[in-house]
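[1] Kindly return the folded structure for what I paste below:
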Amino acid sequence: MTVMHLGTRPTIAPVHDEALRKKVFIKYGLSEDFWLGVGTIEPRKNYRLLIDAFCALNDTRQLVIAGGRGWLESDLGEKVAVMGIQDRVKFLGYVSDEELSVLYSSCFAFIYPSFYEGFGLPVLEAMSCGAAVISSSSSSLPEVGGDAVLYADPCSRDSLIEKMRLLASDRQLQQELRRKSMARAGLFSWQAAAQTVLRVYEKTLHMKPWYTE
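    Numbering: from 1, shown residues only. Down below sits the predicted model:
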């Protein structure tokens, strides 16, 4: 078996254009230093845990969730209202790659508590934009994030709260994770993925047949 890691989309990149950043902030009513979640709104992405942890943390930052509607989570807005945090939680729906790049580049931290991922492209995208990242410790995500990411148990609200509180109280740690994210993301590229595929083809072409006529 050969593992081939993905690269980031070329349309996702760090944003330094202050005018573009301001435009996106105004459009969505964003404040500085928000927590960010990205992905289709569906059970696998574990947004309920994220919202519960955010509410319990009682942090003054916004929680911004970008992603189209999926399935079985149509009542998340009602959940947020019942919890009394509707003024601090923003569901943006689908956003363009340009807007997503602004969100990754501007957030206080990107949080991805997914139960399961085949790869976890949003984590790599966030790191490529220099975001501090808190990720689920499940499936392939630690392989992507390495030592540049804080990990939480996707089945434990307390575990996620602990990591969010740690980051919220330590700006130096947040800046350190941002630096590590950029370095870690640099290890992944589509050129490296293509080279891996090429090596597999070359190895396959030189293999002896397993059958005889």
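
[2] how close does residue 136 sit to residue 142?
    Separation of residue 136 from residue 142 (Cβ to Cβ, to the nearest Å): 9 Å. The C-beta positions use only the backbone N, C-alpha and C, and glycine is treated the same way.

[3] Residue 64 sits in which helix or strand?
    Secondary structure from DSSP states H and E places residue 64 in strand 63-66.

[4] Need the mean per-residue confidence for that strand.
    If you average the pLDDT over strand 63-66, you get 98.

[5] Against which helices or strands is it packed?
    Counting contacts by 3 or more Cβ pairs under 8 Å, 6 or more residues apart in numbering; DSSP states H and E, strand 63-66 packs against strand 35-38, helix 47-57, strand 89-93, helix 97-106.

[6] which residues do residue 136 and residue 142 both contact?
    Residues touching both residue 136 and residue 142 (Cβ atoms under 8 Å, 6 or more residues apart in numbering) are residue 151.

[7] quick one: which of those two has more around it?
    residue 136 (28 against 16; other Cβ atoms under 10 Å).

[8] Check what pLDDT the more buried one gets.
    Looking at residue 136, its pLDDT stands at 97.

[9] what's the distance between it and residue 116?
    Residue 136 sits 8 Å away from residue 116 when distances are taken as Cβ to Cβ.

[10] Quickly compare the helices and strands packed on strand 63-66 and say which is most buried.
    Across those, the average number of neighbours (mean count of other Cβ atoms under 10 Å) peaks for strand 35-38, which reaches a mean of 25.

[11] Sheet-wise, list the partners of that one with their directions.
    Strand 35-38 has the following strand partners under DSSP bridges: strand 63-66 (parallel), strand 109-112 (parallel).

[12] any chance of the ones you listed in CSV, plus mean neighbour count and distance to residue 187?
    Below are those laid out as CSV (neighbours: other Cβ atoms under 10 Å; distance: least, Cβ to Cβ, whole Å):
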stretch, mean neighbour count, distance to residue 187
strand 63-66, 23, 25
strand 109-112, 26, 18
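
[13] Present the ones you listed as CSV; the columns should include distance to residue 103.
    Output for the strands paired with strand 35-38, formatted as CSV (distance: least, Cβ to Cβ, whole Å):
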stretch, distance to residue 103
strand 63-66, 6
strand 109-112, 9
